[in-house]
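K.L.:
here is my input, please return the structure:
(4 chains)
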There are 4 protein chains.
Amino acid sequence: MAAPHPVIAYTSEASWAMIEDKFSPYGKETLAKVIQFLEDEILPAVPVAHAQLPDDPVKRWQTVIPIIDELKAKAKKQGLWNLFLSKQHYPEFGVPLTNLEYGVIAEVLAHAGHMGPEIMNCSAPDTGNMEVLARYGSPEQQQKWLIPLLNGEIRSAFAMTEKNVASSDAKNIRTSIRQEGNEIVINGHKWWISGAGDPRTRLHLVMGKSDPHNKNSYNQQSVVIVPADAPGVKIIRPMKVFGYDDAPEGHCEIIYENVRVPLSNLVLGWGRGFEIIQGRLGPGRIHHCMRSIGIAQAALNLMLQRVTDPGRKTFGKYLHEHGSVVADIPKSRADIEGARLLVLSAALQIDKYKAKGALKEIGIAKFVVPTMALTVVDRAMQAFGAEGVSQDTELARRWAGLRTLRIADGPDAVHIQQVGQRELKRAPELVRKAQDLKRRENALLEKNGLKAHL
Amino acid sequence: MAAPHPVIAYTSEASWAMIEDKFSPYGKETLAKVIQFLEDEILPAVPVAHAQLPDDPVKRWQTVIPIIDELKAKAKKQGLWNLFLSKQHYPEFGVPLTNLEYGVIAEVLAHAGHMGPEIMNCSAPDTGNMEVLARYGSPEQQQKWLIPLLNGEIRSAFAMTEKNVASSDAKNIRTSIRQEGNEIVINGHKWWISGAGDPRTRLHLVMGKSDPHNKNSYNQQSVVIVPADAPGVKIIRPMKVFGYDDAPEGHCEIIYENVRVPLSNLVLGWGRGFEIIQGRLGPGRIHHCMRSIGIAQAALNLMLQRVTDPGRKTFGKYLHEHGSVVADIPKSRADIEGARLLVLSAALQIDKYKAKGALKEIGIAKFVVPTMALTVVDRAMQAFGAEGVSQDTELARRWAGLRTLRIADGPDAVHIQQVGQRELKRAPELVRKAQDLKRRENALLEKNGLKAHL
Amino acid sequence: MAAPHPVIAYTSEASWAMIEDKFSPYGKETLAKVIQFLEDEILPAVPVAHAQLPDDPVKRWQTVIPIIDELKAKAKKQGLWNLFLSKQHYPEFGVPLTNLEYGVIAEVLAHAGHMGPEIMNCSAPDTGNMEVLARYGSPEQQQKWLIPLLNGEIRSAFAMTEKNVASSDAKNIRTSIRQEGNEIVINGHKWWISGAGDPRTRLHLVMGKSDPHNKNSYNQQSVVIVPADAPGVKIIRPMKVFGYDDAPEGHCEIIYENVRVPLSNLVLGWGRGFEIIQGRLGPGRIHHCMRSIGIAQAALNLMLQRVTDPGRKTFGKYLHEHGSVVADIPKSRADIEGARLLVLSAALQIDKYKAKGALKEIGIAKFVVPTMALTVVDRAMQAFGAEGVSQDTELARRWAGLRTLRIADGPDAVHIQQVGQRELKRAPELVRKAQDLKRRENALLEKNGLKAHL
Amino acid sequence: MAAPHPVIAYTSEASWAMIEDKFSPYGKETLAKVIQFLEDEILPAVPVAHAQLPDDPVKRWQTVIPIIDELKAKAKKQGLWNLFLSKQHYPEFGVPLTNLEYGVIAEVLAHAGHMGPEIMNCSAPDTGNMEVLARYGSPEQQQKWLIPLLNGEIRSAFAMTEKNVASSDAKNIRTSIRQEGNEIVINGHKWWISGAGDPRTRLHLVMGKSDPHNKNSYNQQSVVIVPADAPGVKIIRPMKVFGYDDAPEGHCEIIYENVRVPLSNLVLGWGRGFEIIQGRLGPGRIHHCMRSIGIAQAALNLMLQRVTDPGRKTFGKYLHEHGSVVADIPKSRADIEGARLLVLSAALQIDKYKAKGALKEIGIAKFVVPTMALTVVDRAMQAFGAEGVSQDTELARRWAGLRTLRIADGPDAVHIQQVGQRELKRAPELVRKAQDLKRRENALLEKNGLKAHL
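P.N.:
Numbering: from 1, shown residues only, chains lettered A, B, ... in the order given. Here you go, the predicted model:
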């Protein structure tokens, strides 16, 4: 009998049993290699990376953390690279992994926080940007921007969210993108532009309005490639999340003031911005969800160690012997297991029907998982006491990151609303079947000499 | 391309995609036949069965509902019979279905409430009793009691819970079972004995203490077969659940007063009662959970019809246009999907490792699912208004039934506690890995000229 | 120092300290007398009353329970009578108790379930009907119907809710009320008409549409007094709540078929039905809430006894030593305390500004309290195990009653929505203050040589 | 009719009606003056104070924010000073305000965050330290440390929590305090010492073990005054809460290494440390709770402005027209109202019976309020989207501060446990009454010819 797959230590035997038969041999092998690399190389490097990022409020934005670069080279050499890009959807550039397979990899990598994905060139927002350029980029755009991104030589940003605008409705966007001769002129005020702070970032994909009076409000937007160093690109400040600046990537406030780029920097075509962001959102949301589950699982693992720590007894008992604490553990375990299977089933739907055919499942994952993970991490923080909210564990930082997921790519309420609308579409068929059943019930009642319903 | 399996209309495409490859051709075909029979025969018969049960407080306990008997004969003829009994575990008597396969069948059948399982001879407590007799019964016991049960000619009860005793700890049981010559004498006061009210019930499996002073408290109990009409078996009254008496099966209070049975009625052997109930609980809990999920799904289906009913507008809007209502629908959908996958993964663990190897997964299902289903049914009741708590929908009755599942086979708190204990067993290995990681972190910090941790 | 008031044993010292100074000497004395009567007379009579109600499905609707009649006479003699009717609002008929004072009395009486209020002639729907007749009834109507109601000689029903109609929006009502000569003709199909099953009920207040085409949809309704024995009043069946029929009062389905009453039976005037039901709802909702709090408190008291019962140990521990159980107790205590103060503050607002000036506070109480009480009672049921859902404690029956309060007088969602709308009215003043503050901030920033906000 | 008190705009009419009659004229007047000063002076100064705190990671710990000093002088001049110190309990130093009265002041001041209390010399940990010195300090200690603290000339820290120790059980403390001749020698490792970073801090009250082998584990601890600049006091680093350092006060990790202070710095006496911290905790917890309620109320006020902002429409609707958002508002309002009354009732119990007589009420407030406030602030953050988690509103920072309150002064689980134990003490009397009632029920059943209970 073969040894059990090492992923079981990161997920669970019950989860793995549900999906093992959906993994290709390559998928299983890659997953095992990812775990080996995570344990041998990435996890021990986390404190080094922290220490290599300066505290200085200016220098921390100018730093390429040495050990991350080292490990990127190693990972690339081992073929643990761009694993997010599914060959099925991107035959030219991708790796032969399904979304389901990569989903599990994403969960496992999250045990090292954002370092895991970065080292394997699987970090947002680069992932989504590479997908956009791979699917919609011109050969020239692909040569100039996609190849270096795929090589991990440069990084990128995606500039959509705008200040003082309810951006969860993308039609509200105000940034102006207009043609002047052979150039495109961009003017706008964006914020929360992740990755824009990174010294390696070379391009921003900027979404704006190119045709604000188009009657079809879904055809008003375009996306254009803006070099990070183009004149007029002004990074105002890093936005903070619960006090964290997330340097060096950061989430920046940016003013684009009369930025000019060549016409060839337009992506896909005028008025096709909405189409681009739609295509960008499906698998990425699932990856975020799987990472959130990995973070929750890591928090539960920490919690298990804490509550069994003999040095942490209070009132003569282990922490886990206090009733309400022990209840947090099985509940967290159950929450994680259920959520994992839910997201994996959404990933499978994407593999079968592309993101467009899996919108309900993606939407469910999107509103269920961040709240679940926040709850689990919060329970772990509580078990750690003051240490849990401090810089001495990863819990507080990760909680803060998870909290943004209830807002990013649309707040929970939007996804709840949209899944609700999709679910309501089942009603007419249910009504039809119920009416048919009522007729047959009445026939049977009468046949049995009983009074029919009204 | 093959037509989609009809189970998708009862569960979901995403759930089915996760498990389809785990179904045998026989499993798929049987599931399809079950659905056909459910829709053609069982569902239209539900109101007839209700009408055939008299209101009279005496006669309702003496009734064998005619249409149920008719349909049992039809189902048996079609081979839709004893589907709960897995050939894998009961080669002599079972059908070639896995627990996973039967789990889905149990969910589907629950759309007809308790009638679905009963018509296919898959009702508790008969199911568990048949398992006990198939596994532990002597050839004589099997001939006399198991065969008629398997044939659906008789029914049975399992008498464990005792009045004024905290029965969730089975060691507390007080009923006395002692040998006198060639006979066994039983004295005890039980209640909540499901099925004991049914006129077709011919036997009680009675659990009691045969060796109360045995030092090993798990060896004090025995199980004995008591004919329902043995002298001294006194049915005191039906217990009610939220006002429902659940006639004709019922949940009875019973006094066993000097009941005498032949020695050959002892099951398995003296002192082996604990072993018997342990073996009895695993798959049955999963079946309960799957039925609960079916009930939740049916409630959501009803809710979808209600909130889109044009006759139910309030303040000029459809019910589903009121914000908080529409949120209940996607949340319910998500809750059901996650719980279904969780329980199916537990069923799969049973198929792989028997119940003993799946205790954590079974425990999780046991404490998660009833609460989930109660929440979904409660939301549906709320959408139905006063009608939802009345006799005019099945919602209130089903809610009451689900509520008992948070108590039966051990209250939630016991399962939460036990899953917690099992999860805590992961701690030592996590601590070991964490200590190893700390050493490697320190080495790497030093190698990079940084200060090691304490 | 005076002895502490006996109400502390039913509420809490902390609650009483907040309101004691708002009680008149008469209020305190009456409250003490109510408690004495409750303990001496009502509580011991509860099992007698249960036993005096026949099981027979016909006779139970024809019964006036003897011990309730006995105790009504005693209570009346002691002046513990019609305490709900505040002299402040009904100078001619009322007793000198405020809503706050009666609120506490209602809570205390709820420890005996519905018997408490009934014995002191304070039962719904009579209370609301007496308020309507006291405020809006003609002298003739008061003489004929109000006086016997105030005397406790007859009972009454209020017929508003209609079958297949979303009645939470009262404008949807369809029952036709039209004048024909000197008569009023009523045709309609109502259900959930509480009290209509009681053999003592002599009148129904029926709400219907008298002017369905009136442009002002709030002027289309009228209320008319219908004698319970008028030809055409057809009681179809009792509705059940979960499995309870709540005989003898019941909640009936009724068809009014060409029922004719004299023109003098019109209450207040044509088209004033909406006005009547509006006036009817405020204090009654608060009384329901206070009774719900009493029920929750009684459940917590039962739970405390159960979890300290030495006969209920499991796994060697008292129930209260199991961690999650003990957490249910302080949470329930906290939930009850907070809810009680919230409702009392709403009662105080009614005393100060009438119901119309306390709509936000009443709405908050209405959506907070039933859910709170359901939670507390559910926890107590869980502590009681199977006994908790059965006929052997009052818990399940009371839970079912509380569950209807999330629907009756408008479902939770309606009240949440309406309180939300009222709370939103605070926004403009907050915006005005925020803008003013921003100006002053900027001035101060500039004065300190700092950059002003945008 | 008098104008309504301005506090209504900060709390609610319904809350104020419950407590107005418990306020002295001085209390009402002081509350009005506090509000005036808050609006005129403090609120406009908040952005100035933020701007006056340098970003520089060193300088921010050396800064006395000028505008705070200015406003302290103004507040002191107006007598808005040391309002936390109740004359009733501290006749020599206190102001004539009850805990209830100061509780409302604390709530109102929280609208300006921590600046409100600081400007009126009511900041933790100074407040608790002043209470300790006022109650237990020697005349010399009071002269040297208390008077400057009362004058707002210096600040202070309280050093209890220790690294790697489960400090919620104070008996676990390890810091050594021992006498050597005329000196006391302190050695220990503390962290989370609030206020220790402030350049104005002159003293630490240090709790440690002076008699570790005393059989009575409550007599092992002593408290000693340590000058902040004593040799051996080493501030290691500021602890962060999420990403906030809360400079300049901060929460410091400190090593006391052979710190020597004169014997006269011992507070109250050897072995009386436990007694000192017990006395310190009651009213302070209530003040924290009231501030938390103020923070929740301020968050709700912000949310109301956000959801009615015409610039924030999505999908053509105001935010408040999206269903689930509007539900958050009434729920928050209800949560705040209930919690406020709960805490005020605890404050009233302290006023009547001192903290010792109000432990149950204080414990309830302690575990209910932070979770409630976190929920309300979280809802507001969600309404604000990404801005809500950033530095551009106070919401995220305040959420982080509230989160520590579920840990500080004992984690929730400890308070839930303790309130549970106190509530269980009600059981014996309830059992006695229930047994007595059962006897009287049986007598009455028999008298009515009915069968008595068993």
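
K.L.:
relative to chain C, how far out is residue A:24?
P.N.:
Residue A:24 sits 44 Å away from chain C when distances are taken as CB to the nearest CB, to the nearest Å. All C-beta spots, glycine's among them, are computed from the backbone N, C-alpha and C.

K.L.:
contacts for stretch A:413-421, please.
P.N.:
With CB atoms under 8 Å, 6 or more residues apart in numbering or on different chains as the test, stretch A:413-421 has contacts from A:168, A:359-360, A:363-364, A:366-367, B:320, B:326-327, B:329-331, B:333-334, D:314, D:322-325, D:382.

K.L.:
please determine how far residue A:131 is located from residue A:196.
P.N.:
To residue A:196, residue A:131 is 19 Å away according to CB to CB, to the nearest Å.

K.L.:
next one: residue A:181
P.N.:
Taken as CB to CB, the span from residue A:181 to residue A:196 is 28 Å.

K.L.:
can you check residue A:174 too?
P.N.:
Taken as CB to CB, the span from residue A:174 to residue A:196 is 19 Å.

K.L.:
higher neighbour count, those two?
P.N.:
Shown here are residue A:174 and residue A:196; by other CB atoms under 10 Å in any protein chain shown, residue A:196 has more neighbours (26 against 16).

K.L.:
could you look up the SS state of that one?
P.N.:
coil (DSSP: H, G, I helix; E, B strand; the rest coil).

K.L.:
outline the domain layout of chain A.
P.N.:
A:6-150, A:155-267, A:275-427 (automatic domain parsing).

K.L.:
dump those domains into CSV; add distance to residue D:150 and mean pLDDT as well.
P.N.:
Shown next, in CSV, are the domains of chain A (distance: least, CB to CB, whole Å; pLDDT from 0 to 100):
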stretch, distance to residue D:150, mean pLDDT
domain A:6-150, 38, 96
domain A:155-267, 33, 95
domain A:275-427, 29, 93
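
K.L.:
now, of these, which is deepest in the fold?
P.N.:
Among the domains of chain A, domain A:275-427 has the highest mean neighbour count (mean count of other CB atoms under 10 Å in any protein chain shown), at a mean of 22.

K.L.:
so how far is it off the chain centroid?
P.N.:
Relative to its chain's centre, domain A:275-427 lies at 12 Å (CA atoms, centre = their mean, to the nearest Å).

K.L.:
okay, how far is it across it, tip to tip?
P.N.:
29 Å (CA to CA, to the nearest Å).

K.L.:
can you check stretch A:381-393 too?
P.N.:
Its first and final residues considered, stretch A:381-393 spans 9 Å by CA to CA.

K.L.:
kindly report the same for stretch A:105-125.
P.N.:
Termini of stretch A:105-125 sit 18 Å apart (CA to CA).

K.L.:
and for stretch A:207-224?
P.N.:
OK, stretch A:207-224 end separation, CA to CA: 7 Å.

K.L.:
quick one: it near chain D?
P.N.:
No. Figure legend: stretch A:207-224 not in contact with chain D (CB under 8 Å from any CB of the partner chain); closest approach 10.4 Å.

K.L.:
tell me which of the contacts of stretch A:413-421 fall in helices.
P.N.:
A:359-360, A:363-364, A:366-367, B:326-327, B:329-331, B:333-334, D:323-325, D:382 (DSSP state H).

K.L.:
the residues you listed also near chain C: which ones?
P.N.:
Within those, nothing lies near chain C by CB under 8 Å from any CB.

K.L.:
now tabulate the domains of chain A in TSV and tack on distance to residue B:308.
P.N.:
Listed next are the domains of chain A as TSV, based on distance: least, CB to CB, whole Å:
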stretch	distance to residue B:308
domain A:6-150	33
domain A:155-267	25
domain A:275-427	4
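
K.L.:
pick out the residue of the stretch 51-200 of chain A closest to chain B.
P.N.:
residue A:51 (4.7 Å; CB to the nearest CB).

K.L.:
these two touch, right, that residue and residue B:449?
P.N.:
No. Between residue A:51 and residue B:449 there is no contact under CB atoms under 8 Å: 9.5 Å.

K.L.:
chain C contacts on chain A?
P.N.:
Residues of chain A lying near chain C (CB under 8 Å from any CB): A:322-327.

K.L.:
most widely separated two among these?
P.N.:
A:322 and A:327 (9.7 Å; CB to CB).

K.L.:
ranges for the strands of chain A?
P.N.:
Assigned by DSSP state E, chain A shows strands spanning A:155-159, A:176-180, A:183-194, A:201-209, A:221-227, A:233-239, A:251-262.

K.L.:
what parts of the stretch 301-450 of chain A come near chain D?
P.N.:
Checking the stretch 301-450 of chain A against chain D by CB under 8 Å from any CB, the hits are A:311-315, A:319, A:322-325, A:381-382, A:385-386, A:388-392, A:396-397, A:399-400, A:403-404, A:406-408, A:411-414, A:416-417.

K.L.:
can you give me the first-to-last residue distance of stretch A:167-179?
P.N.:
Terminal-residue distance, stretch A:167-179 (CA to CA): 24 Å.

K.L.:
please disregard the earlier target; I meant stretch A:259-274.
P.N.:
21 Å.

K.L.:
quick check, that stretch touching chain D?
P.N.:
No. Judged by CB under 8 Å from any CB, stretch A:259-274 stays clear of chain D, getting no closer than 14.3 Å.

K.L.:
how far does that stretch sit from its chain's centre?
P.N.:
Counting by CA atoms, centre = their mean, stretch A:259-274 comes out at 25 Å from the chain centroid.

K.L.:
before we move on, what about stretch A:76-96?
P.N.:
17 Å.

K.L.:
can you check stretch A:431-449 too?
P.N.:
49 Å.

K.L.:
likewise stretch A:423-433?
P.N.:
Worked out by CA atoms, centre = their mean, stretch A:423-433 lies 32 Å from the chain centre.

K.L.:
now the residue of the stretch 201-350 of chain A found nearest chain D: how far from residue D:391?
P.N.:
Residue nearest to chain D within the stretch 201-350 of chain A: residue A:243 (2.6 Å; CB to the nearest CB). Relative to residue D:391, residue A:243 is positioned 8 Å away (CB to CB).

K.L.:
common neighbours of these two, please.
P.N.:
residue D:397.

K.L.:
surely the residue of the stretch 201-350 of chain A closest to chain D touches residue D:401?
P.N.:
No. With contacts counted by CB under 8 Å, residue A:243 stays clear of residue D:401, the gap being 10.9 Å.

K.L.:
intersection of neighbour lists for these two?
P.N.:
Going by CB under 8 Å, 6+ apart, residues that sit against residue A:243 and also against residue D:401 are residue D:241.

K.L.:
do you have the helices of the stretch 1-150 of chain A handy? List them.
P.N.:
A:13-19, A:25-37, A:43-52, A:66-77, A:99-109, A:115-119, A:126-136, A:139-141, A:147-150 (DSSP state H, counting those that start in this stretch).
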